[in-house]
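In: Sequence plus predicted model, see below.
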Amino acid sequence: MSAVGHKKGHITVPHIRGRKGGDPIVSLTAYSAPMASLLDPYVDLFIVGDSVGMVFYGMDSTLGVTLEMMIGHGAAVVRGSEKPCVVVDMPFGSYQESKSQAFRNAAKVMQSTGCDAVKLEGGMEMAGTIGFLTSRGIPVMGHVGLMPQSVNTLGGYRARGRGHAEAKKIVNDAQMIADAGAFSIVVEGVVEPLAKKITNAVTVPTIGIGASAECDGQVLVTEDMVGLFNDFTPSFVKRYADLGRLVERAAEAYGKDVRARRFPAVEHCFRVNNKNS
Ligand code: KIV
């Protein structure tokens, strides 16, 4: 079990909560210690998303992600980071059954990883659970709009809230989970006017992904942002690098060197007479 304690300059849940309407909150996903360490100085908030199932494990959806996987990746990100607040996703099936199931599993995630908070998907149907967790010491980030764990009931990953009734329901969902105690809400895949309505309707910061600049902060899946996840890049993603291409070029050059016996060279080999190497 990792030690639970606050690192120097660490951004806390109350700090994120207090950023409503202030400087935009900068958030990225992270799944590993080295990536968290590289991103650390530049972000306020890490979300250890269950998107790890698709991005890291090659799954078709997030439904197969387990609590153990989230704990492993959450603990790695906490070990690799110092400054950002770290929020770990509760995977599908680990919190929907009952309030006590949600508490038991969320407490396990908090204790095992040392993260600051958990995130769970859902609107009014999860408000009772969010109230139960937050009143018992577990900070919760909500997630409304496009909810990938509901892909089978929503019928796909299309943007939500284009129709009046659906838009109204999503605003109501956000209000209910904010009133229940969520300290912040991820708003995914909604049209700009709806993102604005949600952001104005709740007193906690909204973090948008595919939800326009009208939110209090933004999050992207890091692998999308740096070009490391090439299966599909959603239209709302801005690519800031093409690391996938760099990895391909490096592998190609390595293969050529090995086949031509250029690698390993002398400087990469241990010497018999050098006790320090
Ligand atoms: O799983 C994920 O990556 C997410 C993002 C929207 C943060 O939930």
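Out: Looks like it arrived, so ask away. Numbering: from 1, shown residues only.
In: going forward, measure contacts between C-alpha atoms and count neighbours the same way
Out: Fine.
In: wait, Gln101 sits on Tyr95?
Out: Yes: counting by CA atoms under 8 Å, Gln101 does reach Tyr95; the two are 5.7 Å apart.
In: Which element, helix or strand, includes the most centrally placed residue in the chain?
Out: Residue closest to the average C-alpha location in the chain (CA atoms, centre = their mean): Ile47, at 2.8 Å. Applying DSSP states H and E as the criterion places Ile47 in strand 45-48.
In: Please identify the pairing partners of that strand and their relative orientation?
Out: strand 25-29 (parallel), strand 85-89 (parallel) (DSSP bridges).
In: buried sites along the helix or strand bottoming out on mean pLDDT in the chain?
Out: Ranked by mean pLDDT, DSSP states H and E, the weakest helix or strand in the chain is helix 151-154, scoring a mean of 92. Within helix 151-154, no residue is scored as buried using 16 or more other CA atoms under 10 Å.
In: After that helix, which helix or strand is next?
Out: helix 164-180.
In: Return that next one as PDB; C-alpha atoms alone will do.
Out: What follows is helix 164-180, C-alpha atoms only, in PDB (Å, rounded to 0.1, in the frame of the first residue of the first chain):
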ATOM      1  CA  HIS A 164     -33.900  20.000 -26.000                       C
ATOM      2  CA  ALA A 165     -35.100  17.200 -23.700                       C
ATOM      3  CA  GLU A 166     -31.600  15.500 -23.600                       C
ATOM      4  CA  ALA A 167     -29.900  18.900 -23.000                       C
ATOM      5  CA  LYS A 168     -32.300  19.700 -20.100                       C
ATOM      6  CA  LYS A 169     -31.700  16.300 -18.500                       C
ATOM      7  CA  ILE A 170     -27.900  16.800 -18.700                       C
ATOM      8  CA  VAL A 171     -28.100  20.200 -17.000                       C
ATOM      9  CA  ASN A 172     -30.300  18.700 -14.300                       C
ATOM     10  CA  ASP A 173     -27.900  15.800 -13.900                       C
ATOM     11  CA  ALA A 174     -25.000  18.200 -13.400                       C
ATOM     12  CA  GLN A 175     -26.900  20.300 -10.800                       C
ATOM     13  CA  MET A 176     -28.000  17.200  -8.900                       C
ATOM     14  CA  ILE A 177     -24.500  15.800  -8.500                       C
ATOM     15  CA  ALA A 178     -23.000  19.200  -7.700                       C
ATOM     16  CA  ASP A 179     -25.700  19.600  -5.000                       C
ATOM     17  CA  ALA A 180     -24.900  16.100  -3.700                       C
END
